[in-house]
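A.B. asks: This is the structure alone, sequence omitted:
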RNA sequence: GUCCCCAUCGUCUAGCCUGGCCUAGGACGCCGGCCUUUCAAGCCGGCAACACGGGUUCAAAUCCCGUUGGGGACGCCA
């Protein structure tokens, strides 16, 4: 069997959308599973809307989610000659003709037809004119078959039948010499020997327009697979008003790319009841047989859960690595550099089951980087009171009497002390927690002490005592 | 308007192709409990769906038809 060749062909008219990422992902998984080639092609034939920044954004997004390509990125604007050659070949064979209708007139006729409740199709008025050398502006139209049917055996939708009589003659070469989408995709998919065209199902109705072009050009047909759309909570096509749709926005919000990939692949594909997949499992298990035919609603809550899962179950070093840029952004770059990898991993392990994003993690991790800690006003007022000061002092003295830190020993000391004083654990734990972290919520007290180390623990305790004594009852 | 696609808990889905094992399973979220020094995490339990109507069949979530609903396409955009 010949090699599988698939492509992802975004148009650079904005950021990389999560729907685009999912399309790319399914292509990529299929290519990797079949040891085929994944090709990246930039469809930039609309020079008025394509931008260089968008191309960079696409590459950046692909890189972030780890979708590497084997060929490309090709740019259609570098391949103009190819499209023109193919278009003229069709003209010479009588399978395309010049159309001298003005764009405004076409627009007006379309409006008129729509108003009458008719199909807004091109009426074919230049079809029989036999124009050889148009003088003014002219576009080249494909002479589409008007009889019979075009049948597509879609990998996901099954057999889909279209009546050719319903299709009009689409423009393949604009009057400015640029090819249109439906033509350039065909030429590229053919020349790049794409075996499987996997794309969003918004392209399903483009397929019966493209198939006859493949045939007219004499190229073999690829297989087609049309992926269902991603919708917002209101079941409308996912757009900005549903929240973030740019893949990079999720990076900025503190999502892990592995969580994004796992979530996105499960949106429309399943493997029994399994929710969590490693990348290799996805490559191994992916199949079009289990791609859903219906659209899926994007669920931010489940994505968040997925991210929390990856935060909790990834190797600590991986989490530290992902967290680093966020720490720098939070002004903790120097402290990050000064910290040991082992300590950072220990810290991350301590806080990670309490966080769902890297942004949240920064907040949880922040109190442990510096010698002093920011005290939250409400927490201080509530727990560091004059009433608790004596107990804090006594406890601190006991800790000072212990020559070195040992989590087990300090915990034992603490508990014995609480018992002696006939206090409840929480009565003393909360004030100590506030003294050590500045907050009322933190990881376990003794884990916190371990992270801080003996000196810093004692230091913060003493600071806490000062606060407690100074605080008005 | 025309054509095309789709239809299982609120959401993602298993099951559907190859009817019976489905008094429909899992996950997210939600609710309750357990654990507990805080916050989480974890564990246990609960609520919750085969869109509707016909047919085929001994038997239909599963097959067929229709209705309704949702989505997409109809550009010298991609």
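C.D. replies: Good, I have the coordinates. Everything numeric in this text was worked out from a predicted model, so none of it was measured.

A.B. asks: which residues does residue A:122 contact?
C.D. replies: Going by CB atoms under 8 Å, 6 or more residues apart in numbering, residue A:122 touches A:101, A:106, A:141, A:168-170. C-beta here means a position set from N, CA and C on the backbone, and glycine is covered the same way.

A.B. asks: Can you add pLDDT and give those back as TSV?
C.D. replies: Output for the contacts of residue A:122, formatted as TSV (pLDDT from 0 to 100):
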residue	pLDDT
A:101	90
A:106	88
A:141	96
A:168	92
A:169	95
A:170	94
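
A.B. asks: Just the ones of those residues in helices?
C.D. replies: Among those, DSSP state H puts residue A:106 in helices.

A.B. asks: Arrange the contacts of residue A:122 in a markdown table, one row each, with distance to residue A:223 and neighbour count as further columns.
C.D. replies: Shown next, in a markdown table, are the contacts of residue A:122 (distance: CB to CB, whole Å; neighbours: other CB atoms under 10 Å):
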| residue | distance to residue A:223 | neighbour count |
| --- | --- | --- |
| A:101 | 35 | 17 |
| A:106 | 34 | 17 |
| A:141 | 27 | 23 |
| A:168 | 26 | 17 |
| A:169 | 26 | 21 |
| A:170 | 22 | 20 |
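
A.B. asks: and the contacts of residue A:122 near RNA strand B, which?
C.D. replies: When contact is defined as CB under 7 Å from any atom of the strand, the contacts of residue A:122 meet RNA strand B at A:101, A:106, A:168, A:170.

A.B. asks: What separation do you get for the second one and residue A:230?
C.D. replies: As judged by CB to CB, to the nearest Å, residue A:106 and residue A:230 stand 33 Å apart.

A.B. asks: Give me the phi and psi angles of residue A:40.
C.D. replies: phi -110, psi 130 (degrees, to the nearest 10).

A.B. asks: residues in contact with it?
C.D. replies: A:7-9, A:62, A:69, A:71-74.

A.B. asks: which one of those residues sits closest to RNA strand B?
C.D. replies: RNA strand B has its nearest neighbour among the contacts of residue A:40 in residue A:9, at 6.8 Å by CB to the nearest atom of the strand.

A.B. asks: Give me the distance between the closest one and residue A:197.
C.D. replies: For residue A:9 relative to residue A:197 (CB to CB), the value is 9 Å.

A.B. asks: Looking at those two, which one has more neighbours?
C.D. replies: A direct count of neighbours by other CB atoms under 10 Å for residue A:9 and residue A:197 places residue A:9 higher, at 26 against 23.

A.B. asks: ok, the more buried one touching residue A:44?
C.D. replies: No. Contact criterion CB atoms under 8 Å: residue A:9 and residue A:44 do not qualify, at 10.3 Å.

A.B. asks: which element is residue A:414 on?
C.D. replies: helix A:407-420 (DSSP states H and E).

A.B. asks: Going by contacts, tell me the helices and strands next to that helix.
C.D. replies: Under the contact definition 3 or more CB pairs under 8 Å, 6 or more residues apart in numbering; DSSP states H and E, helix A:407-420 sits against helix A:389-401, helix A:425-437, helix A:445-452.

A.B. asks: now these as a markdown table including distance to residue A:318, mean pLDDT and mean neighbour count?
C.D. replies: Formatted as a markdown table, the helices and strands packed on helix A:407-420 follow (distance: least, CB to CB, whole Å; pLDDT from 0 to 100; neighbours: other CB atoms under 10 Å):
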| stretch | distance to residue A:318 | mean pLDDT | mean neighbour count |
| --- | --- | --- | --- |
| helix A:389-401 | 35 | 95 | 16 |
| helix A:425-437 | 25 | 95 | 21 |
| helix A:445-452 | 20 | 96 | 20 |
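
A.B. asks: got the residues of the stretch 51-200 of chain A near RNA strand B?
C.D. replies: A:99-103, A:106-107, A:110, A:114, A:117-122, A:137-139, A:157-158, A:160-163, A:166, A:168, A:170-171, A:174-176, A:178, A:180-182.

A.B. asks: ok, 6 Å please
C.D. replies: The interface of the stretch 51-200 of chain A toward RNA strand B, taken as CB under 6 Å from any atom of the strand, is made up of A:101-103, A:106, A:110, A:117, A:119-121, A:137, A:139, A:157-158, A:160, A:162, A:166, A:171, A:174-176, A:180-181.

A.B. asks: so what's the backbone phi/psi at the closest residue to RNA strand B within the stretch 251-400 of chain A?
C.D. replies: Proximity to RNA strand B, evaluated over the stretch 251-400 of chain A using CB to the nearest atom of the strand, is greatest for residue A:294 at 2.7 Å. Dihedral pair for residue A:294: phi -100, psi 160, per degrees, to the nearest 10.

A.B. asks: I'd guessed it sits against residue A:227; true?
C.D. replies: No. Residue A:294 lies out of contact with residue A:227 (CB under 8 Å); the separation is 11.0 Å.

A.B. asks: More neighbours: which of those two?
C.D. replies: Applying other CB under 10 Å to residue A:294 and residue A:227 shows that residue A:227 carries more neighbours, namely 30 against 9.

A.B. asks: so what's the nearest residue to that one once chain neighbours are set aside up against?
C.D. replies: The shortest distance from residue A:227 to any non-neighbouring residue, by CB to CB, 6 or more residues apart in numbering, is to residue A:200 (5.6 Å). Shown in contact with residue A:200 (CB under 8 Å, 6+ apart): A:19, A:23, A:226-227, A:229.

A.B. asks: How about the backbone phi and psi for residue A:200?
C.D. replies: phi -70, psi 150.

A.B. asks: Tell me how far it lies from residue A:9.
C.D. replies: Distance check for residue A:200 against residue A:9: by CB to CB, it reads 11 Å.

A.B. asks: mind listing what residue A:396 touches?
C.D. replies: If you count contacts by CB under 8 Å, 6+ apart, residue A:396 has them with A:458, A:461-462, A:465.
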